[in-house]
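[1] just need the structure, nothing else, for what follows:
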Amino acid sequence: MGGATWWHFVPYEPDPARALARLRQREWAALREREAPNAMQQPPADVERLSPGVTGDLVAALAIVGAELVAGEGPNWRAAVERRAATSPFAVMELVFAAIPALEMRGERKLSRAMKRHAAALELRMASAPDDDALEALPELDPQAQDDIARFVASRGVSETASVLDVRGVGARRERNVAHPPSAAWLRRAFRTEQPALASAKRKAEDLADSLERGEVIFFPVYRGKRPVAWCFMGSTGD
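    Next comes the predicted model:
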């Protein structure tokens, strides 16, 4: 299995190590379900998607103005944008908003109007998004499941799962496959605050995870107002 970036938002509890253990237990159960014989490979029913029309308009807009907007994605930018759009409606909000002035400068009025409609709809969805309720509940700690996870990860030898299952625990400083808190300076660069909002962290999660080096895993609390409501765990793992 190759390397991959990943990120999870889980309900806040005071002990991040416990939250991580419960997250790994949830993902372990999901992995076993996916690998079960005759498993149904369907997305969860509660995951919001962008409609094909919105995604198509965005790809068309970026084909005209996207050289500077998706330069980091390389020649396969269309597939990258479509994957991002399939992850969450909010994962492409910044691209939608950035495309509008670029389209207007090029006289692409019809597509610009379409992007404005999509931007307004996304803003309404963002304003009404129940961020706390959208956090999937974690299972209670099960010692047997924790032992099963440890045996599974150990059985892979030098290979890794390219998922949160690779994470051995939490620590105070960077160590391969150990989650550590980022510096205050990193948080300010990423969010312009040391107490990032949940919605903001969700929007930026993919880009931030992509900026991590292989084997690097970080975690930090995210907030609603001054109250922490979730932990964000993100990493770049896999062989």
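
[2] from now on I want contacts and neighbour counts done on CA atoms only, so please keep to that.
    OK.

[3] since we're on residue 109, how many residues are nearby?
    For residue 109, the neighbour count with other C-alpha atoms under 10 Å is 13.

[4] contacting residues for it?
    By C-alpha atoms under 8 Å, 6 or more residues apart in numbering, the contact list for residue 109 reads residue 103.

[5] measure it to residue 96 for me?
    15 Å (C-alpha to C-alpha, to the nearest Å).

[6] packing partners for the lengthiest strand in the chain?
    Longest strand in the chain, counting residues (DSSP state E): strand 227-237. Counting contacts by 3 or more C-alpha pairs under 8 Å, 6 or more residues apart in numbering; DSSP states H and E, strand 227-237 packs against strand 4-11, helix 16-35, helix 198-210, strand 217-224.

[7] apply 10 Å and report the result again.
    strand 4-11, helix 16-35, strand 179-180, helix 198-210, strand 217-224 (3 or more C-alpha pairs under 10 Å, 6 or more residues apart in numbering; DSSP states H and E).

[8] what's the closest of those to residue 140?
    helix 16-35 (6.7 Å; C-alpha to C-alpha).

[9] pretty sure residue 119 sits against residue 57.
    No. Applying C-alpha atoms under 10 Å, one finds residue 119 not in contact with residue 57, separated by 11.7 Å.

[10] looking at those two, which has the bigger crowd around it?
    Neighbour count, other C-alpha under 10 Å: between residue 119 and residue 57, residue 119 has more, with 20 against 17.

[11] what sits against the more buried one?
    54, 92, 93, 94, 95, 96, 97, 100, 113, 125 (C-alpha atoms under 10 Å, 6 or more residues apart in numbering).

[12] CA atoms only: put the worst-scoring helix or strand of the chain on mean pLDDT into PDB for me.
    Sorting the helices and strands of the chain by mean pLDDT, DSSP states H and E puts helix 77-87 at the bottom, at a mean of 73. C-alpha atoms of helix 77-87 as PDB (Å, rounded to 0.1, in the frame of the first residue of the first chain):
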ATOM      1  CA  TRP A  77      -5.800  18.800 -11.700                       C
ATOM      2  CA  ARG A  78      -9.300  17.800 -13.000                       C
ATOM      3  CA  ALA A  79      -9.300  14.500 -11.100                       C
ATOM      4  CA  ALA A  80      -7.900  16.200  -8.000                       C
ATOM      5  CA  VAL A  81     -10.700  18.800  -8.000                       C
ATOM      6  CA  GLU A  82     -13.400  16.200  -8.600                       C
ATOM      7  CA  ARG A  83     -12.000  14.100  -5.700                       C
ATOM      8  CA  ARG A  84     -12.000  17.200  -3.500                       C
ATOM      9  CA  ALA A  85     -15.600  18.000  -4.500                       C
ATOM     10  CA  ALA A  86     -16.700  14.500  -3.800                       C
ATOM     11  CA  THR A  87     -15.300  14.700  -0.300                       C
END
